[in-house]
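Enquirer: okay, sequence plus prediction incoming.
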Amino acid sequence: MQIAVLTLILLAVAAALLRVSGEAGLFPAPASAARPRDFVDRVAAAPNPVLVAALERAMTVDRAYRQEGLSIGQLALRLGLPEYRLRQLINQRLGYRNFAAFLNFYRIADAKTALADPAQAEVPILTIALDAGFNSLGPFNRAFKAETGMSLSEFRRLRPPATVPVRRFPEPASRITNPA
């Protein structure tokens, strides 16, 4: 019985080793077979300036981040491209951790501008959070504190200049090294 179990384990390990692809497997793929796919991946990953401009316009001019329940699928549909391409652009090319971090960047920048505006000093923080696209105060507080290092009331009390600079797309993209 022990020999049968040991034989089954050895067969499973051998099958797993044979299934490993690329250089790590027992039978590595020839170098010529890997090159064309690598080239295609690099070309496909190159940022499209028209797409980047459309995304920037949707976020800065149209303020898509304010849309309630905005998903990456909805934004991709709005831009007329597959969801995976938009996800790839946001994560790999623009340097955001995920779609939520991408949205929160714009939402928090909007909230910072409102909180710094003396004309909105009497507007409740909840109203500012909802206007910026957050669904409730709790997530807004956490995201704001993580981004700025201070609470909402501290930020409002210190009143930085009303024009809070918004980071443009080329800056996060410059943090990512080109795989070529």
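Expert: Arrived safely.
Enquirer: so what pLDDT did the residue most central in space within the chain get?
Expert: The structure's the chain has its C-alpha centroid closest to residue 98; by C-alpha atoms, centre = their mean the separation is 2.9 Å. On pLDDT, residue 98 comes in at 93.
Enquirer: how about it, what does it touch?
Expert: By C-beta atoms under 8 Å, 6 or more residues apart in numbering, the residues touching residue 98 are 90, 91. Heads up, the C-betas are built off the backbone N, CA and C, glycines and all.
Enquirer: first-to-last residue distance for stretch 112-125?
Expert: In terms of C-alpha to C-alpha, to the nearest Å, the two terminal residues of stretch 112-125 are separated by 11 Å.
Enquirer: wait, stretch 118-137
Expert: Note: stretch 118-137 ends 21 Å apart using C-alpha to C-alpha.
Enquirer: that one - what's its average pLDDT?
Expert: For stretch 118-137, mean pLDDT rounds to 91.
Enquirer: the residue nearest to the centre of the chain and residue 108, how far apart?
Expert: Look at residue 98 and residue 108: by C-beta to C-beta, to the nearest Å, they are 15 Å apart.
Enquirer: what does residue 116 give?
Expert: For residue 116, the distance to residue 108 equals 12 Å [C-beta to C-beta].
Enquirer: only C-alpha atoms, please: export the host helix or strand of residue 12 in CSV.
Expert: Per DSSP states H and E, residue 12 falls inside helix 2-19. Extracted C-alpha coordinates of helix 2-19, given in CSV (Å, rounded to 0.1, in the frame of the first residue of the first chain):
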residue,chain,number,x,y,z
GLN,A,2,2.8,2.4,0.9
ILE,A,3,4.6,1.7,-2.4
ALA,A,4,1.4,2.5,-4.4
VAL,A,5,1.0,5.8,-2.5
LEU,A,6,4.6,6.7,-3.1
THR,A,7,4.3,5.8,-6.8
LEU,A,8,1.3,8.1,-7.1
ILE,A,9,3.1,10.9,-5.5
LEU,A,10,6.1,10.5,-7.7
LEU,A,11,3.8,10.4,-10.8
ALA,A,12,2.1,13.6,-9.7
VAL,A,13,5.4,15.4,-9.2
ALA,A,14,6.7,14.2,-12.6
ALA,A,15,3.5,15.4,-14.3
ALA,A,16,3.8,18.8,-12.6
LEU,A,17,7.4,19.1,-13.7
LEU,A,18,6.5,18.3,-17.3
ARG,A,19,3.7,20.9,-17.3
